[in-house]
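when you get a sec, could you give me coordinates for this:
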Amino acid sequence: MVKKILLTLVALVAVAVVVVMGLAMKQPDEMKIERTGTTAASPATVYAIVTDYHRFHEWSPWQKLDPNMKSDISGSATGVGSSYHWAGNDKAGEGRMTIVEAVPDSRVDMRLEFVKPFADTCTTVFALAPAGGGTQVTWTMLGHYNMVSKVMCVFMDMDKMVGGQFEEGLASLARVAEATPPVAPADSTTVPVPPM
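Presented below is the predicted three-dimensional model:
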């Protein structure tokens, strides 16, 4: 009797594995998670905040996952080459973000490297566009699904989970930007006239 029960359990597990793997194989190879928000702040002000990792904790949707999270900033003080490393609890994980391209008041591209709870690399883009006296901010994460992440997608909706965090982050970014003194647009800076 015990042998029959064990064989039945093994058969059920095998069927479950086959079903899950079949569903995983139907998941897309490419990942794209995107959310858009608006703020009354100017593109220049939003750009200045997004390119300054010293201010990331002010609007990050992940900061509250671990109030004791450790972080450090290296490379450039702001903009291209600036890098933000974090290490936190199981919910926050560990990783690094590095600004790899930045178009003033318009776009910021980052390389996002996860270390824990799993290793992966994605591209994150913040696209800024003038909108009704303020800014429309589009936050996009692009990556590839490997087999492990495809299996995870069978059990959870990554777009809904991460997208919800993006929505929360965009709302926080809007609040922070609106409370920040306005920054002059990049094309409005003047070149000093040399003395005669």
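
where does the prediction get shaky in this structure?
6-7, 9-30, 144-158, 161, 187-196 (pLDDT under 70).

the helices in it, which residues?
Ranges of helices in the chain, per DSSP state H, are 2-25, 43-50, 56-59, 147-155, 158-178.

okay, buried residues for the shortest one please.
This means helix 56-59. Buried residues in helix 56-59, counted by 16 or more other CB atoms under 10 Å: F56, E58, W59. Every C-beta, even on glycine, is put in place using the N, C-alpha and C of the backbone.

got JSON lines for these, with distance to W139 too?
As requested, these are exported to JSON lines (distance: CB to CB, whole Å):
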{"residue": "F56", "distance to W139": "13"}
{"residue": "E58", "distance to W139": "16"}
{"residue": "W59", "distance to W139": "11"}
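
tell me the one of the residues you listed nearest A92?
F56 (12.9 Å; CB to CB).

for A184, see how far away that closest one is.
22 Å (CB to CB, to the nearest Å).

A41 too?
A41 is 13 Å from A184, by CB to CB.

more neighbours, the two?
A41 (25 against 13; other CB atoms under 10 Å).

neighbours of the closest residue to E167 other than its chain neighbours, how many?
Nearest non-adjacent residue to E167, counting by CB to CB, 6 or more residues apart in numbering: R35, 5.3 Å away. R35: 19 surrounding residues under other CB under 10 Å.

now swap in N68 and tell me
With other CB under 10 Å as criterion, N68 counts 7.

that one touches G88, doesn't it?
Yes: using CB atoms under 8 Å, N68 is in contact with G88, at 7.4 Å.

just to revisit the earlier point, ok, so of the buried residues of helix 56-59, who is nearest T123?
Nearest member of those to T123, counting by CB to CB, is F56, at 17.4 Å.

what residues does that closest one make contact with?
By CB atoms under 8 Å, 6 or more residues apart in numbering, F56 lies in contact with S71, Y84.

for it, give its distance to K4.
Distance from F56 to K4, by CB to CB: 58 Å.

D52 now?
Distance from D52 to K4, by CB to CB: 65 Å.

ditto for A177
Taking CB to CB, one finds A177 at 65 Å from K4.

neighbour count winner among the two?
Counted by other CB under 10 Å, A177 and K4 do not tie: A177 has more neighbours, with 27 against 8.

bridged to V108, which residues?
Using DSSP bridges, the bridge partners assigned to V108 are A102, F126.

OK, contacts around it?
V108 neighbours (CB under 8 Å, 6+ apart): Y47, V50, T51, I99, E101, A102, V125, F126, L128.

buried ones from those residues, can you make that a ChimeraX selection?
A single ChimeraX command selects the buried members of those (16+ other CB under 10 Å):
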select :47,50,51,99,102,126,128
